[in-house]
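1. next one to model:
(one chain, ligands or ions: 2)
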Amino acid sequence: MATNRTFTMLKPDAVEKGHIGAILEKISASGFRIVAMKLTQMTKEDAQTFYGIHKERPFFGELVEYMTRGPIVAAILEKDNAVEDFRTLIGATNPADAADGTIRKMYAASLGENAIHGSDSDENAAIEGAFHFSGREMF
Ligand code: DAT
Ligand code: MG
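-> Ligands and ions are numbered 1, 2, ... in the order given. Okay, the predicted model is just below:
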């Protein structure tokens, strides 16, 4: 995958609250092109694998429960400097620390339920995108 791509998930809380449209509008208005997208639900095994880096953390069980409790929107996005610019757009992990106008500030309830994922490096963007999509699902 090219390094001008990132991977995102609109997490179960954002989908439950009906924020898909508003969040996608903000992503598009910020200059990201949607390369791949689907409504899907992660299994426990999917979430354990996806968040494997956090498996020793005390919140891991809660994180897996949350991420599997309902549908998510998974997407690959393209823009110059995609990874960094998207992390800026979503804001800090804890919405209490997120800047005004960021997606987490606007739509996230708490640190544990923070509405949206954004890859933290080009390498992880490629791994995470490939976890959810095959080559022929990417446009
Ligand atoms: P980010 O999603 O900003 O990359 P991360 O990779 O450190 O943050 O953590 C992944 C997710 O795990 C995060 O979006 C929410 C949850 N999480 C992180 N730290 C947490 C904590 N201290 N308590 C509860 N959930 C936490
Ligand atoms: Mg992370």
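2. can you pull the phi/psi pair for the residue nearest the centre of the chain?
-> Centrality entry for the chain: nearest residue to the mean C-alpha point is residue 117, 2.4 Å, by C-alpha atoms, centre = their mean. Dihedral pair for residue 117: phi -110, psi 150, per degrees, to the nearest 10.
3. can you tell me the closest non-neighbouring residue to it?
-> residue 9 (4.2 Å; C-beta to C-beta, 6 or more residues apart in numbering). C-beta: built from backbone N, CA, C; applies to glycine.
4. who does the one you found form a beta bridge with?
-> For residue 9, the beta-bridge partners are residue 74, residue 117 (DSSP bridges).
5. list the buried residues of the helix or strand where residue 35 lies.
-> Assigned by DSSP states H and E, residue 35 falls within strand 33-40. Going by neighbour count (16 or more other C-beta atoms under 10 Å), the buried part of strand 33-40 is 35, 36, 37.
6. the helix or strand immediately after it in the chain: how far from the chain's middle?
-> Using DSSP H and E, the helix or strand that follows strand 33-40 in sequence is helix 44-50. How far helix 44-50 lies from its chain's middle: 14 Å, per C-alpha atoms, centre = their mean, to the nearest Å.
7. before we move on, the earlier item: who are the contact partners of the residue nearest to the centre of the chain?
-> Residue 117 sits next to 7, 8, 9, 11, 90 when contact means C-beta atoms under 8 Å, 6 or more residues apart in numbering.
8. quick check, the third one in contact with residue 115.
-> I take that to be residue 9. No: under the contact definition of C-beta atoms under 8 Å, residue 9 does not touch residue 115, with a separation of 9.7 Å.
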